[in-house]
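>>> Generate coordinates for the sequence data below:
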Amino acid sequence: MKYSAIKLSIFILILSVSTSAFSQKKKTIKQTATLTDRQFWLQQMDKMVKPVLYNLAKDSLKINMPKVTSIHIDNKEHRIKVQYVEVLGRVLSGVAPWLQLEGGDEKEVALRKQYREWAIQGLKNSLDSNAKDFMNYDIGGQQLVDASYVALAFIRAPWLWENLGEKHRLLMMKSIETTKRFKPVFSNWLLFSAMNEAFLAKFGYSWDPMRVDYALQQMEQWYVGDGMYKDGSTYAFDYYNSYVIHPYLAKISEIIGAKVKDYNSMFEKIRKRNERYAILQERLINTDGTYPATGRSIIYRGAAFHHLADMALRNALPKQLSPAQVRCALTAVIKKTLESPTTYNNLWLTIGLYGNQPDLGDFYNNQGSPYICTNIFLPLGLPASDPFWANPAAQWSAQRIWSGEDFPNDHSQDLR
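Numbers count the residues shown, from 1 in each chain. Below you'll find the model as predicted:
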């Protein structure tokens, strides 16, 4: 009995040690597999963008890209025709700062090298009238919008422009100029015309100051206070201040401000309004990364925070917002808007906010439309050493407030 008891004790001890070792090994494996925020962003960007740029580089985008439209579509055939320039501009405008960046760890450098190759070859295919993926810019008014995102991509990544080659640069310029034939809707669309002119101005082509002036003066008339603009003659509570208005005004101000001094006082107002709206944007992000699902184009997912991402990229965040808290808040948005198992269908983004939600689509949405959410990845254009990435994780406003922390109140600012 005594001998058996000793054997049993030894067996239990061995089992305990083995279990502990296995547990520690499992824990080590789990810790090794944990991604940094930057690695997670790169992973999600790659998953989203690869089907577009890989297929375009292989001259097979029009073959493999689904011809899906909103169930509320107004003109299905036309919306499918314009979806290719649409997806090109929306994807490139979001990844452009990262394509412009140099350096990083070995895996990131290799990934960027691959994407640069795909982007350049894809752009060349889109401009080659003999290629299957040749893209016309004169099909309809929507292409005024889409051309401006292509223009914005080149503005954010001059590397793309420099490496496109003289022949294709000329074709690209003429393609964007082609959209001047379309009259912009009396809304944020005025900024699309202005962005195309800013592109021409930046890269040394003749540009039309009147199209820029009209957009800037009209947006000034539409400013309503507290960092927000009307999108046309009436105010709507949606995310167009972020989808388009603030990021476009910021970039147009930067380029045109370097050309003329006529708008200095206006551009200073725009800068202050940029800061105020960034504060509001950060406070809209709930503790779990959700945000109010209101307004048209809600299927643009993370592009609802295009402006906040752009402010982080430009190191223009107001003093009330630390780069780390913005990183963590945007990471939560990326996780929430992409976590649904129906976010993708055969590798392509679905129409919806949390997965496939067809009824959330608008009459103008096609397969290319949701890819504007790529613009939430703008801060990948900052190096890993930047405080946005390097600083320790920090709680954002909603987390601090809803945990019971005593927190400063928020007050409106007119800024007219």
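>>> drop to CA atoms for contacts and neighbour counts, all remaining ones
Noted.
>>> Just the pLDDT for the closest residue to residue 159 other than its chain neighbours.
Distances taken as Cα to Cα, 6 or more residues apart in numbering place residue 100 nearest to residue 159, at 5.8 Å, with adjacent residues excluded. pLDDT, residue 100: 98.
>>> Residue 100: neighbouring residues, count only.
When neighbours are defined as other Cα atoms under 10 Å, residue 100 has 17 of them.
>>> And for residue 405?
Neighbour tally, residue 405, other Cα under 10 Å: 10.
>>> from what I can see, it looks like it's in a strand, true?
No: under the criterion used here (DSSP: H, G, I helix; E, B strand; the rest coil), residue 405 is coil, not part of a strand.
>>> Residue 82 is in contact with residue 139, correct?
Yes: assessed by Cα atoms under 8 Å, residue 139 is found in contact with residue 82 at 7.0 Å.
>>> more neighbours, the two?
For residue 139 versus residue 82, neighbours defined as other Cα under 10 Å are more numerous around residue 82 (22 against 15).
>>> In contact with the more buried one, which residues?
139, 140, 142, 143 (Cα atoms under 8 Å, 6 or more residues apart in numbering).
>>> The residue nearest to residue 159 and residue 369: what is the separation?
From residue 100 across to residue 369, the span is 24 Å (Cα to Cα, to the nearest Å).
>>> which ones are touching residue 391?
323, 324.
>>> if we go to 7 Å?
Residue 391 is in contact with residue 324, counting by Cα atoms under 7 Å, 6 or more residues apart in numbering.
>>> again, but for the one 3 residues further on
Residue 394 is in contact with 324, 325, 328, counting by Cα under 7 Å, 6+ apart.
>>> and if you look at residue 199?
So residue 199 contacts 151, 155 (Cα under 7 Å, 6+ apart).
>>> Pop out the phi and psi values for it.
phi -60, psi -50 (degrees, to the nearest 10).
>>> For the stretch 101-250 of the chain, which segments are assigned as strands?
Counting by DSSP state E, counting those that start in this stretch, the stretch 101-250 of the chain has strands at residues 223-225, 228-229.
>>> Which residues does the last one contact?
If I follow you right, that is strand 228-229. Taking Cα under 7 Å, 6+ apart as the rule, strand 228-229 contacts 222, 223, 241, 277.
>>> List the pairing partners of that strand within its sheet, with orientation.
strand 223-225 (antiparallel) (DSSP bridges).
>>> Please identify the buried residues of the partner strand?
Going by neighbour count (16 or more other Cα atoms under 10 Å), the buried part of strand 223-225 is residue 223.
>>> Any chance you could list what contacts that strand?
With Cα under 7 Å, 6+ apart, strand 223-225 has contacts from 229, 230, 413, 414, 415, 416.
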